[in-house]
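J.: Curious how this folds, go ahead:
(one chain, ligands or ions: 3)
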Amino acid sequence: MTIALAIGNSRLHWGLFNGNTLQKIWDTKHLSIHAVHHLSQDEKTEFLVRTVIESIEKQSAQKLISTNPELASLRKPELGVLPLVLASVVPDQTTLWQSYPDNRIITLDQLPIEGLYPTLGIDRALTLLGAGTQLGWPILVIDTGTALTFTGADVNRRLVGGAILPGLGLQLWSLGEKTAGLPVVMLPDNLTGRWAGDTESAIVSGVVRGVVAAVNDFIEDWLGLFPNSHIALTGGDRTLLLQYLASTFPDTAARVIETPEAIFWGLNQFLI
Ligand SMILES: Nc1ncnc2c1ncn2[C@@H]1O[C@H](COP(=O)(O)OP(=O)(O)O)[C@@H](O)[C@H]1O
Ligand SMILES: CC(C)(COP(=O)(O)O)[C@@H](O)C(=O)NCCC(=O)O
Ligand SMILES: [K+]
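T.: Ligands and ions are numbered 1, 2, ... in the order given. Presented below is the predicted three-dimensional model:
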């Protein structure tokens with residue numbers, strides 16, 4: 001078995017593989033760099049190994065462990081640790097995980113995609129590879145994480161390009177944080193009216209309709225270039241975004257496939 005860890009700017013994304021079969025995915029909070037910086041190398045290693053085991057055990061532990069005897073024996077140190085495949089866009093978290101004993105860190109140069117530029121996020125490249133491998137090429141990936149990204153590749157697995165804007169959560173948070181008069185509002189399940197009559201609804205209308213219009217515009221343009229392309233949607237806000245898109249641009253939404261596992265489909269090619 002192998003544990004895969006994708007570190008985004010908001011959260012840790014975990015995937016547990018048995019052979020090449022992805023058994024489960026889940027998310028947890030970042031580890032506090034502050035809480036571990038005083039630890040010795042050995043203590044750090046032990047802390048990370050324990051973090052992995054506890055993270056797995058919290059995920060419907062009984063079922064996972066009873067169907068995977070290998071996991072039940074993980075706590076016995078002589079049996080070694082679960083190999084970890086890591087992809088991170090957060091350098092201090094990457095540094096911390098280097099203390100994990102059996103780790104493999106995935107970098108852009110290892111990916112079989114043409115035309116990658118050196119500062120491209122490894123998460124964007126891996127979701128592109130994963131979605132393209134699973135759904136077919138050409139492919140457009142939309143990732144609704146901390147940032148909202150568009151990343152597209154053609155039938156030759158060559159990066160065409162993409163775009164980056166603040167994600168829904170970040171837009172709402174920054175409005176609340178950087179103004180005196182605006183609260184931080186939560187995303188509603190359903191999109192409210194465009195011409196809002198109160199502050200909270202006005203923020204939701206502006207942010208959500210702005211993002212939805214941008215997403216629709218990028219998809220329309222992409223389909224003009226690659227009419228038969230698949231369109232994959234991933235990231236923490238994917239389900240809400242797809243609901244909003246469906247209520248405003250139903251034809252566009254019908255083209256979109258929710259792929260929460262996309263980054264792990266990409267990491268599947270790098271298991272230890
Ligand atoms: N339990 C949760 N904790 C934090 N964010 C969440 C949670 N559930 C959904 N989200 C949404 O996920 C978004 C972050 O997406 P995510 O894919 O986790 O980001 P990243 O890959 O950048 O770490 C936030 O904007 C937030 O709205
Ligand atoms: C764009 C990102 C911040 C997205 O990160 P995320 O929202 O998934 O945490 C990350 O992919 C990144 O740091 N990219 C480097 C710049 C680029 O991709 O061009
Ligand atoms: K992400």
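
J.: neighbours of the residue nearest to residue 196 when sequence neighbours are not counted, just the number please.
T.: Excluding the flanking residues, the one nearest residue 196 by CB to CB, 6 or more residues apart in numbering is residue 202, at 4.0 Å. No exception for glycine: its C-beta is placed from N, CA and C like everyone else's. The local packing of residue 202 (other CB atoms under 10 Å) involves 16 other residues.

J.: tell me what the helix or strand harbouring residue 202 is packed against?
T.: Using DSSP states H and E, residue 202 sits in helix 199-225. Secondary-structure packing of helix 199-225 (3 or more CB pairs under 8 Å, 6 or more residues apart in numbering; DSSP states H and E): strand 139-144, strand 147-153, strand 159-166, helix 168-178, strand 230-234, helix 238-248, helix 250-253.

J.: deepest of the ones you listed, which one?
T.: A comparison of the helices and strands packed on helix 199-225 by mean neighbour count, using mean count of other CB atoms under 10 Å, puts strand 139-144 on top with a mean of 28.

J.: So for the residue nearest to residue 196, what's the pLDDT?
T.: Per-residue confidence (pLDDT) for residue 202: 98.

J.: Next: residue 192.
T.: 91.

J.: can you confirm it is in a strand?
T.: No. If the criterion is DSSP: H, G, I helix; E, B strand; the rest coil, then residue 192 is coil and not within a strand.

J.: ok, it - how many residues close by?
T.: For residue 192, using other CB under 10 Å, the count is 15.

J.: for it, what are its contacts?
T.: 201, 204, 205 (CB atoms under 8 Å, 6 or more residues apart in numbering).

J.: Show the backbone phi and psi for it.
T.: Main-chain torsions, residue 192, degrees, to the nearest 10: phi -90, psi -180.

J.: Next one: it relative to ligand 3, how far apart?
T.: Residue 192 is 27 Å from ligand 3, where distance means CB to the ion, to the nearest Å.

J.: tell me the phi and psi of whichever residue of the stretch 51-200 of the chain sits closest to ligand 3?
T.: In the stretch 51-200 of the chain, no residue comes nearer to ligand 3 than residue 145, which is 3.3 Å away by CB to the ion. Phi and psi for residue 145, reported as degrees, to the nearest 10, are phi -100, psi -140.

J.: confidence score at it?
T.: 98.

J.: ok, how many other residues are close to the residue of the stretch 51-200 of the chain found nearest ligand 2?
T.: Of all residues in the stretch 51-200 of the chain, residue 121 sits closest to ligand 2, at 2.0 Å by CB to the nearest ligand atom. Using other CB under 10 Å, residue 121 has 21 other residues around it.
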